[in-house]
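**Q** coordinates only, sequence not included:
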Ligand SMILES: [Zn+2]
């Protein structure tokens, strides 16, 4: 029986993020998006607790990791904001959770999904053994050694199809942003999302996601920085792409994290960099709550 859930929440596929600005730090649209993301996470948590779950570890997984409004989310859930570098990149300690649920997600770089990207929009395309690999594969793969099974995923229809294609047995629930935002019934969609997430626990067939390597990887960067980045990290370079082979998914994930977020010098001072990142996130949340007190987002469903 499933009692403990690791819940990752992103913003791109959440109920009030309807444009690129919604995913940007400290924009007016971001305020709405944070409210929607918090409501979605709250609805899913409530449905999971109603279904008999006893513990939810909720990770805010967008940008700084500070977007979720704790005061709007079921207090029984344990919200852990901000990114952690280890033991699991981004997540930190998954504790004793048994299954992974991902909501608000997006499709892979270079594919036609809503705000599609993989880690950063600077990656134009990520090809692993000849196929696009979405972030869901990395998140699920990173917790596989803890025996955590990826049972549910929500994002745009393209993102859902990608998650289903790589993770056998995962259940999905999509959000269609091709309809205008004013015609989208956020509360009704959220109710269906929460019900689908809760029902994914019963009879979940997904196994821990641990695909076998090696992984032949090609990264196409936007803006021609491939050669510089490849040189910086000692990776191969061919016709404008970074080319390397990773022995397993953890190694591939770490290499991509380095390419996207780090510098060889910064890696040695990572705790300091993370501290700055957390501080930025907390300041953003302070601004967000201030704007909400003056009425922004008050009427959102
Ligand atoms: Zn995001």
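**A** Here it is on my side, so go on. What you see is a predicted model; the values in this text were computed from it and never measured. Numbering: from 1, shown residues only.

**Q** can you give me the helices in the stretch 51-200 of the chain?
**A** 135-142, 157-166, 186-199 (DSSP state H, counting those that start in this stretch).

**Q** Quick check: residue 7 touching residue 43?
**A** No: in this structure residue 7 lies outside contact range of residue 43 using CB atoms under 8 Å: 11.5 Å. From N, CA and C alone the C-beta is placed, and that goes for glycine too.

**Q** which sections of this protein are below the confidence cut-off?
**A** 266-268 (pLDDT under 70).

**Q** Where does it get nearest to the ion, residue-wise?
**A** Using CB to the ion, the closest approach of the chain to the ion is made by residue 62 at 3.7 Å.

**Q** Quick check: that residue vs residue 238, distance?
**A** 33 Å (CB to CB, to the nearest Å).

**Q** Please say which of those two ends up with more neighbours.
**A** residue 62 (24 against 11; other CB atoms under 10 Å).

**Q** Excluding chain neighbours, what is closest to that one?
**A** residue 11 (4.1 Å; CB to CB, 6 or more residues apart in numbering).

**Q** That neighbour: which element?
**A** In this assignment (DSSP states H and E), residue 11 forms part of neither any helix nor any strand.

**Q** cool, residue 42 as well?
**A** helix 28-50.

**Q** That helix vs the ion: in contact?
**A** No: contact of helix 28-50 with the ion is not found when judged by CB under 5 Å from the ion; the minimum separation is 9.4 Å.

**Q** swap in stretch 6-25?
**A** Yes: counting by CB under 5 Å from the ion, the ion has neighbours in stretch 6-25: 10-12.

**Q** give me every residue that touches the nearest residue to residue 141 once chain neighbours are set aside.
**A** Nearest in space to residue 141, with sequence neighbours left out and distances taken as CB to CB, 6+ apart, is residue 249 at 4.0 Å. Neighbouring residues of residue 249 by CB atoms under 8 Å, 6 or more residues apart in numbering: 137-138, 141-142, 144, 210-211, 213, 215.

**Q** Which residue ranges of the stretch 101-250 of the chain form strands?
**A** Secondary structure of the stretch 101-250 of the chain by DSSP state E, counting those that start in this stretch: the strands cover 123-128, 131-132, 149-155, 171-174, 215-221, 236-238, 241-246.

**Q** So what are the sheet partners of the second one and their directions?
**A** Spelled out, that is strand 131-132. Strand pairing for strand 131-132, using DSSP bridges, gives strand 123-128 (antiparallel).

**Q** Kindly report the same for the fifth one.
**A** In the sheet containing strand 215-221, the strands it pairs with under DSSP bridges are strand 123-128 (antiparallel), strand 241-246 (antiparallel).

**Q** With the fourth one instead?
**A** Using DSSP bridges, the strands paired with strand 171-174 are strand 149-155 (parallel).

**Q** what's the angle from the strand it pairs with to helix 135-142?
**A** For strand 149-155 against helix 135-142, the angle by axes from the mean of the first three to the mean of the last three CA atoms, to 10 degrees is 160 degrees.
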